[in-house]
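Visitor: Return atomic coordinates for the entry below.
(chains A and B)
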Amino acid sequence: MNSPATSTQTNSTQHLVLYFQVHQPRRLNKINFFSIGTHPEYFDDALNAEIIQRVAKDCYLPANALLLDLIKKHPQIKVCFSISGVALAQFEQYVPEVLHSFQALAKTGNVEFLCETNCHSLASLISADEFQIQVFEHAENIYRHFGLRPAVFRNTELIYSNAIGTQVAQMGFKGMITDGVDRVLDGRSSFRLYHHPDNNAFKLLLRSNRLSDDIAFRYMQGASVLSAERYVNWLNHMPVNEPVITLGMDYETFGEHYKKPSGIFDFLRGMLTRIVKDKKFIFSTPSEVMNEVASKQSLNIDHAISWADERKDLSAWLGNDMQRDAFDMVKSLENSVKRTTNTALLTAWRALQTSDHFYYMCTKKLNDGDVHAYFSHYPSPYEAFINYMNVMSDFVIRVKSASAQADLTEAAKQNEYERQHPQVPFWAERKSAEIRQEVFVSH
Amino acid sequence: MKVLMFGWEFPPQISGGLGTACYGLTQALVREDVDVLFVVPKLMGNEPDNGSRLLSASEVGIRQVVSTDSADQPFTRFRHFMKEGSFTTFEIPSTLSTYNMAHLHEPVQHIEHWNYPLNVAETAVEKTTVVTQSISGALYDFKGGYGPQLIEEVFRYANVASEIAIAEQFDIIHAHDWMTYPAAIAAKRLSSKPMVVHVHATEFDRAGQQGSEMVYTIEREGLDEADKIVAVSEWTKRIMVDRYDIDPDKIVVVHNGVIPEERTITETKQNLGSHVVTFLGRITYQKGPEYFVEAAEKVLTLFPDVHFIMAGSGDFLPQIIEKVARMKLSSQFHFTGFLKKHEIDQVLASTSVYVMPSVSEPFGITPLEAIQRNVPIIISNQSGVSEVMHHALKVDFWDTEALSQAICSVLHYNSLSRELKRNAGKAIDLITWEKAAQRLNNLYYELTSNIHPN
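Guide: As a prediction, the model looks like this:
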C-alpha cells in the first residue's frame, strides 16, 4: 500500500486476515427422564436470553464499537466474521442492537461475512443433501441481514476434509478456511494459500493456530498479559516470502473469555493500530486473498481435521461412545423427520444438531477437558449426555407420531386419487387395446 | 523424618475405612523414606490367631508390641519383634472398635454417665507423665457399658502414648481421628513436637445432629491443639470450619488414595436379571439408605424389572426393611446383611450401577472399589470421593428425584454406562496414596522447619 516497495519486494505483499467466529448455541432445558413422551419445551430460552444479553454487553457491543471506530480512523483495517445462524436468530430475538452493530460494520465495506452451516452443525458428516440445505439456509440469512452474498465457506469448528471441500466447491464457493494442522501440512508453511487436490480453483486458507491461540488461549498467563507491541513484533518476524497470515479465533475472546479489566480491548486496539503503523502487512479479507494470492500447492486431507483441542480432529464431538451414540441418533432421524414435512420438527431437529451439544459430552481430561468444562453449563459430560438423550428420546416419539400422521394423510390422498383414477389392471389394459386394434383392423 | 503416628485400627483388624486408609497411607509414607512409628490398640475381641496374623499379614511387617494389659510391665522393656525398613508398629490392647460408635449416643443414661468435665481426663494424662508405671484399668474403671469403655480405652491409650513419647525419638506427631487425639496431645506436651491431626470422619458425619457431646469435645480439643489439621476432603474441611469453628487456613485437604487392585471379573453371577442396582455399606443414618429406597420406588415405575440389593448391616436395617415392605417393594429388594470380601465381589459382578446416597461421607472408599470391579457409580455431592472422581453421576442425597433419574439413565443408555466405566477405570489410577504421602511429607517438613528454623 503506502510502503515504499522496492523492486525486490514486488512479489512480497503480505496479507493479514483477521477472522472472528461468532456463535451462541441454543442451550437445552433440563429434561427429566420421567418427562420423556410428555413433549416438554426443549430449549431453555430464558437461559439463552440471559447469556446472549450478558455476552452482548461484555463482548459483541464493545468489540463492534471498537472495530467500527478503528475502521473509520484507519480504513485499511479489514476483518471477517462468521456468525452462525443460531447466533443471528438469537440476536434478532433478544438483542437486536447487536445485529445492528454488525450491520453498521458491514456497511463500511471492510468486513466480509463467511458462510457456514446455519445451525453450526456437524451436517457435513450427516449427508450431502442435509449439508447443502443448511449451507444455503445460512447464505440466505447472511443476505437477509447484511445484503451480502458470501463467497468463502467455513465449516463448523473448521472441520475439513477433501470430501467436504469437494461438496463445498460444488455449491459454488471459491474456497474455505480451515486450520493449519501440522500433521497435514507435514512441514509446509501455514502462511500460504493452498488448493484442493482435485480442483486448483478451490482455495484453502489456513488459520495460523499458534499465533491465533497466543491471543485466544494464552493472552493471560498467570498475572501477566500479552502486550500488543510484543505480539505485533512476533507477527513482524514472519519471513518476507510468506504471503498470508490468518488469525482466527472466537470473537468472544474479547470481553467474554477475557473480561474487560484484563485489558483485552486495549490489546485489540493496540494490535490493530500497530499493524497499521508498521505497514508490514496489508489487511485483507479471505476473498481478497483467494483472488490475489496464487496457490502453488494442493493440500490433501483424507481424514477430517478441525481447530479443536490438541488433536485437531473430530474427537471433541465424536470422541467417545456417548457422543457417537447421540450423534447417530440425530443422524438416523433424517429421513423420518423430513418425511413428516413438519416445519417445527425440522427446526427442532436442526437445532439439536448444533455441535455444542456434543462438545459438552466430551470426557477428554487435562487441558482439553478444562476448555470443555469452561464452555459447558452442565456439571459433567455425563449430565450433558443424559439431558440430550432425554430430549432426543422425546423427540423420537414426536417424530414417530408425526410420521404416522403423515402416513395417514398420505394414505387418504392415495385413496382419493385412486377413486378418481380407477386403475385398469395391466392385463386388462392390454386386452382392451388388443380388442380395439382387432376392431380397427377388422374394419 | 520420623513420625509418631497414632491410629485405632490396622488391617486386617478393621471395621471401616480408617484402618484401610492408615494402611495405604503409611505404606506410601515408608516409600517416601519417612520413618513411621505406628501405634494401634490391640483388638482383643478378635480370635487369638488374628493377633499373629496381624503380624504376618502386614506387608510393612515391622512390629514392636507394647502390652498395656499388665500394669507391672514397664514400657521401657519394649521387645522388638522385627525391624524392617522404616516402619514400626506398636500394639496396645483394646477391646473395642470404632465403628460401633453409633450405639454410643443411643442410651441416654450413658450420656449422663459421661457427663464429666474433660479436665478430669487432662489431669489423668498429666498424671501418667509422673507415674509412668502405674497404668492400670482400675484408674479408669468405667463400668457403664460399651460406650464408656471406649472412652476409657481412649484415655488409657493416651497414657501409653506418653510412655512412647518419652521412650522414642521422633520429629512429628500424627493422629488419626478422635480416639487418638488425647494420645497425640499427651505426646505433644511431653515432647513439644508439632502435632498433625488427620480427620477421616467427624462426629457430625457419624451421627448428624445427635452426636455425642463427649466425642465432640475430644474432637474440639484435638483440633484446637493441633498445629495443622489434615482433612480427607473439602467436604470435611467445610464441616470443621462450620461446626468446629476452625480457622480454614489451619486445615489442609489431602484426599485419600486407593490401593490398586487387579480388575477382576467374577464368574459366578447372581441371576437377578439384567438390571441390578446396589447399595453397599453400613445401613445407618450417615449412608442415606432411605433415599435409596425412595429413589428405587420411582425407578420401578418405569423399569418394573429392576432389582435392588442392599448389602450391609447397621442400626437402620430394621426400619429400612419395614419401609420397603410398607411400600410393597419387597419382591424387588434383596437384603444380604454384612458381606465378606468375595461375596461383595459376587454382588458387584452382577451390579449394573452402584449407588452411594450418603448424607455426609468424609471420603468414601467403596465407590472406588466398585469402579475397580468395573461398575459405574452414582454418588452424593455430600461426599469427599465426589471431589476426586469426576467420572460418576453426582446428586444431592436428598434429591431422590435426581437420583432416580440418574439410575434410569445408566440403566437405559448403554453408551453412558460404558463411558462411565471406561473413564472411571482410567481415572482411578490417578487417585493414589503416593500423592497423599507426598503432600503429607511436605507438610511434615513445613511444620518441623517452622519449629526448628535451622
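Visitor: Report how many residues lie close to the residue in chain B positioned nearest to chain A.
Guide: Using Cβ to the nearest Cβ, the closest approach of chain B to chain A is made by B:S415 at 3.8 Å. C-betas here are computed from N, CA, C, even on glycine. By the criterion of other Cβ atoms under 10 Å in any protein chain shown, B:S415 has 19 neighbours.
Visitor: Give me the pLDDT value at it.
Guide: Reported pLDDT at B:S415 in the predicted model: 94.
Visitor: Whatever helix or strand it lives in - contacts with which helices or strands?
Guide: Element membership for B:S415, per DSSP states H and E: helix B:414-427. Other helices and strands packing on helix B:414-427, by 3 or more Cβ pairs under 8 Å, 6 or more residues apart in numbering or on different chains; DSSP states H and E, are helix A:321-332, helix A:381-420, helix B:366-372, helix B:400-412.
Visitor: what's the following helix or strand after it?
Guide: helix B:433-451.
Visitor: now the host helix or strand of B:H198, how far from the chain's geometric center?
Guide: Taking DSSP H and E as the criterion, B:H198 maps to strand B:195-199. Computed by Cα atoms, centre = their mean, to the nearest Å, the chain-centroid distance of strand B:195-199 equals 14 Å.
Visitor: Check stretch B:217-230 too.
Guide: That offset, for stretch B:217-230, works out to 17 Å (Cα atoms, centre = their mean).
Visitor: How about stretch B:417-436?
Guide: The answer for stretch B:417-436 is 21 Å, by Cα atoms, centre = their mean.
Visitor: got it, and stretch A:36-43?
Guide: Remark: stretch A:36-43 is offset 27 Å from the chain centroid, using Cα atoms, centre = their mean.
Visitor: any idea how chain A splits into domains?
Guide: Here the domain assignment for chain A is A:12-298, A:325-420, based on automatic domain parsing.
Visitor: for chain A, what are the nearby residues on the stretch 251-400 of chain B?
Guide: B:298, B:301-302, B:390-394 (Cβ under 8 Å from any Cβ of the partner chain).
Visitor: biggest separation within these, which pair?
Guide: Maximum pairwise distance in those, criterion Cβ to Cβ, is 30.0 Å, between B:T301 and B:H390.
Visitor: now A:M220, which residues is it bridged with?
Guide: A:M220 has the following beta-bridge partners by DSSP bridges: A:V225.
Visitor: hang on, it packs against A:H257?
Guide: No. Judged on Cβ atoms under 8 Å, A:M220 makes no contact with A:H257 at a distance of 9.3 Å.
Visitor: Have a look at these two and say which one is more surrounded.
Guide: A:H257 (20 against 16).
Visitor: Would you check that the more buried one makes contact with A:R218?
Guide: No. Using Cβ under 8 Å, A:H257 is not in contact with A:R218; the gap is 11.5 Å.
Visitor: residue contacts, A:F254?
Guide: Contact analysis of A:F254 by Cβ atoms under 8 Å, 6 or more residues apart in numbering or on different chains lists A:59, A:62-63, A:264-265, A:268.
Visitor: And for the one helix or strand A:W317 maps to, what's in contact with it?
Guide: If you go by DSSP H and E, A:W317 is part of helix A:315-318. With contact meaning Cβ under 8 Å, 6+ apart, helix A:315-318 is reached by A:122, A:125, A:157, A:306, A:308-309, A:323-324, A:327, A:355, A:358-359, A:362, A:364, A:368, A:372.
Visitor: Equivalent analysis for stretch B:289-298, please.
Guide: Contacts for stretch B:289-298 (Cβ under 8 Å, 6+ apart): A:34, B:277, B:279, B:283, B:306, B:308, B:310, B:314, B:316, B:320, B:323-324, B:327, B:329, B:332-333, B:355, B:357, B:397-398, B:400-401, B:403-404, B:407.
Visitor: How is chain B divided into domains?
Guide: With automatic domain parsing as the reference, chain B has domains B:2-257+B:433-451, B:276-430.
Visitor: Just the CA atoms from stretch B:382-399 would do, formatted as PDB, please.
Guide: Output of stretch B:382-399 as PDB, limited to C-alpha atoms (Å, rounded to 0.1, in the frame of the first residue of the first chain):
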ATOM      1  CA  GLN B 382     -22.000 -34.700  50.100                       C
ATOM      2  CA  SER B 383     -19.000 -37.000  49.800                       C
ATOM      3  CA  GLY B 384     -15.300 -36.500  49.600                       C
ATOM      4  CA  VAL B 385     -14.900 -39.000  46.800                       C
ATOM      5  CA  SER B 386     -17.000 -36.800  44.500                       C
ATOM      6  CA  GLU B 387     -14.200 -34.300  44.700                       C
ATOM      7  CA  VAL B 388     -11.700 -36.700  43.200                       C
ATOM      8  CA  MET B 389     -13.800 -38.900  40.900                       C
ATOM      9  CA  HIS B 390     -15.300 -37.000  38.100                       C
ATOM     10  CA  HIS B 391     -16.400 -40.000  36.100                       C
ATOM     11  CA  ALA B 392     -19.500 -40.600  38.100                       C
ATOM     12  CA  LEU B 393     -23.000 -39.200  38.300                       C
ATOM     13  CA  LYS B 394     -23.500 -37.000  41.200                       C
ATOM     14  CA  VAL B 395     -26.700 -35.900  43.000                       C
ATOM     15  CA  ASP B 396     -27.600 -34.300  46.300                       C
ATOM     16  CA  PHE B 397     -28.500 -37.100  48.800                       C
ATOM     17  CA  TRP B 398     -32.000 -35.600  49.500                       C
ATOM     18  CA  ASP B 399     -32.900 -35.300  45.800                       C
END
